[in-house]
Structures are given as C-alpha cells and as structure tokens.
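Visitor: show me the folded form of this:
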Amino acid sequence: MESIFKVKITVQTTVVASIEKAWEIWNTPEHITKWNSASDDWHTPKAENDLKVGGNFSYRMEARDGSFGFDFSGTYDQVKLMEAISYTLGDGRKVEVYFVDKGGETEVTEVFEAEDVNTIEMQRFGWQAILDNYKKYVEASVVL
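Guide: Numbering: from 1, shown residues only. Sure thing, here's the model as predicted:
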C-alpha cells in the first residue's frame, strides 16, 4: 500500500540580488534556459512558463550529448508575487518555492515531494545543484 505521507525534501540558497531580480530570473524562460541544469553536461534548450494560478510550465531538460532527455512540467497552484510559488508536477508531486527579501540578498527555498525512483540523497543533490547553478547565474547577471 502506498504511503499517504510523502517525504519532503528541502533545498535552499541565498543569492546576492534584489528579490525583483531573483524572481525575474527564476520565472523568465530566456533566463531559465541558462541556469536550469544540475551539471555542465546537461542543459535546458526550451522553457515555457505561464506564471499564473492554473497556468502551466514546461522545461525540456537534455544531456548535451543527446543520450537522454525529459520534460519537467506542471501546473501552478498558487502564485504570490515575489513571495511564493506552488505547483503540481505532471506525476502529482507538490513543490513549493519561497522567496525572502534579505535586504540586497534573496533567500530561495524549495520544498518538494520525493519521487520513488531515486534515493532521497540523489534527489536532494540534483535539486540543490540546479539551485546552486541558479545562484551562480543570478549573481553573474547582476550589475553592481
């Protein structure tokens, strides 16, 4: 019998950027394609994002050598401008993303329900690696 209690995993980073810039880069397809990968041998060649309650998003994630790829997609359940986003993935798992203004820095926290294929550690590592790549991209994009 499947457990009704899903394991939740949390990853977090703090970016040296305004909450407006952090939010924009998180949600704009032109930026998403630049940072949404866990390692240099992966990339996101296509991203679509309709950021509103009931809106859908879809990111095509692929190995650069073409050996594997998948669509990461879902539907938005809640959008609070520059504060929080929650969505349901295509497989039914729930994800919450929080943005907290720290005065010139923005704390970004993702809480997601684990899937049943990969270990908790592997999932946490992968999502954290993408979040770390986001941080690197945001900070390189900020004009000081």
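Visitor: strands paired with the longest strand along the chain, and their directions?
Guide: Ranked by number of residues, the top strand in the chain under DSSP state E is strand 69-80. Its sheet considered, strand 69-80 pairs with strand 56-63 (antiparallel), strand 84-89 (antiparallel) by DSSP bridges.
Visitor: what ranges does the protein have for its helices?
Guide: Listed in chain order, the helices of the chain (DSSP state H) span 19-27, 29-35, 120-141.
Visitor: tell me which of those helices is the most buried.
Guide: With neighbours taken as mean count of other Cβ atoms under 10 Å, the helices of the chain reach their highest mean count in helix 19-27, at a mean of 19. (Each C-beta comes from the backbone N, C-alpha and C, glycine too.)
Visitor: between that helix and strand 56-63, how many degrees?
Guide: For helix 19-27 against strand 56-63, the angle by axes from the mean of the first three to the mean of the last three Cα atoms, to 10 degrees is 70 degrees.
Visitor: who are the packing partners of helix 19-27?
Guide: Counting contacts by 3 or more Cβ pairs under 8 Å, 6 or more residues apart in numbering; DSSP states H and E, helix 19-27 packs against helix 29-35, strand 94-101, strand 106-113, helix 120-141.
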